[in-house]
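Asks: no sequence on this one, just coordinates:
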Ligand code: RIB
Ligand code: CA
């Protein structure tokens, strides 16, 4: 099977780190470039973290920095979840230098060179870098196979009652992606809330491998507090769900939906408005990931991370 060419845009971020390691360990995908956006913590830290996470695998995937703010406003970080350094306090060896240039330009260059409907974009942070691509060069949507986003929520958000963190931080950029014409798949809080990392998973990962990446991942998993949303049963592996969809779609059920995002400045800002049941005669513009085989998900994550050095 020919690996799918993929570009990953991220804001590492504890869960981004796990998602990156899952992607880099999976032969089903060929990670062409990792681009970085601010979000969970400031861009300087997310870029350093992405370099370190990729560097720990020994793979020579270029890491390119991008936007340190949203289209209309500064980001609001989530250091309260990810720690001040963005990796729950874990200190990794410094990774290779970032590749020159800017994320949106790197993605545009890769898309311009790609055949039609060939490149998969995976967005794990605020959508600013990805949104800029199609704001500047909308025709590049023709070369996109799928845009897979960890973003949004059918129901309650996790930053405000309305908005999930990535959508909250740049709803305008997200709206550009939802309307750019490329196929969009949404890994919202509704599916990521099913990917709860529990102590048994940390123990299983430690038992599976003593490699640097698996050990670092276990340390990160140990560092994140259980979420109140889960009744303190565990903490959600948000971003790895987006990667797992590309690597192992059989783990999910899904539905075609009409999805937009509230870009008002009111209390609904950043809310993804997802018509799950076709209430209005709207043309579906996104795939909504619905149910997750959580046991299969963690078996995949652990097995793949154990392959890394
Ligand atoms: O709401 C969860 C999302 O916001 C995840 O991508 C997490 O890393 C943060 O970016
Ligand atoms: Ca993220």
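Replies: Arrived safely, thanks for sending. Computed from a predicted model, the values in this text were never measured in an experiment. Ligands and ions are numbered 1, 2, ... in the order given.

Asks: Show me which residues of the stretch 151-300 of the chain are close to ligand 2?
Replies: Counting by Cβ under 5 Å from the ion, the residues of the stretch 151-300 of the chain close to ligand 2 are residue 239. All C-beta spots, glycine's among them, are computed from the backbone N, C-alpha and C.

Asks: Test my guess that residue 198 contacts residue 233.
Replies: Yes. Applying Cβ atoms under 8 Å as the test, residue 198 and residue 233 come out as touching, 6.7 Å apart.

Asks: Check residue 231 and give its pLDDT.
Replies: On the pLDDT scale, residue 231 is placed at 89.

Asks: sorry, back to before: settle it for me: which of residue 198 and residue 233 has more neighbours?
Replies: residue 198 (16 against 11; other Cβ atoms under 10 Å).

Asks: List the residues that contact that one.
Replies: 233, 234 (Cβ atoms under 8 Å, 6 or more residues apart in numbering).

Asks: Angles on the backbone of it, please.
Replies: The phi and psi values for residue 198, taken as degrees, to the nearest 10, are phi -120, psi 170.

Asks: got the residue ranges for the helices in the stretch 101-250 of the chain?
Replies: 103-112, 128-136, 165-169, 171-178, 189-192, 199-208, 212-223, 238-247 (DSSP state H, counting those that start in this stretch).

Asks: Go ahead and flag the most central residue of this structure.
Replies: For the chain, residue 124 is the residue whose C-alpha lies nearest the centre (Cα atoms, centre = their mean; 1.9 Å).

Asks: My read is that that one contacts residue 10, right?
Replies: Yes. Residue 124 lies in contact with residue 10 (Cβ under 8 Å); the separation is 4.1 Å.

Asks: circling back to that earlier point, could I get the helices of the stretch 101-250 of the chain in TSV, plus columns for mean pLDDT?
Replies: Shown next, in TSV, are those (pLDDT from 0 to 100):
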stretch	mean pLDDT
helix 103-112	98
helix 128-136	98
helix 165-169	98
helix 171-178	98
helix 189-192	98
helix 199-208	97
helix 212-223	97
helix 238-247	98
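
Asks: quick one, which of those is nearest to residue 52?
Replies: helix 212-223 (9.1 Å; Cβ to Cβ).
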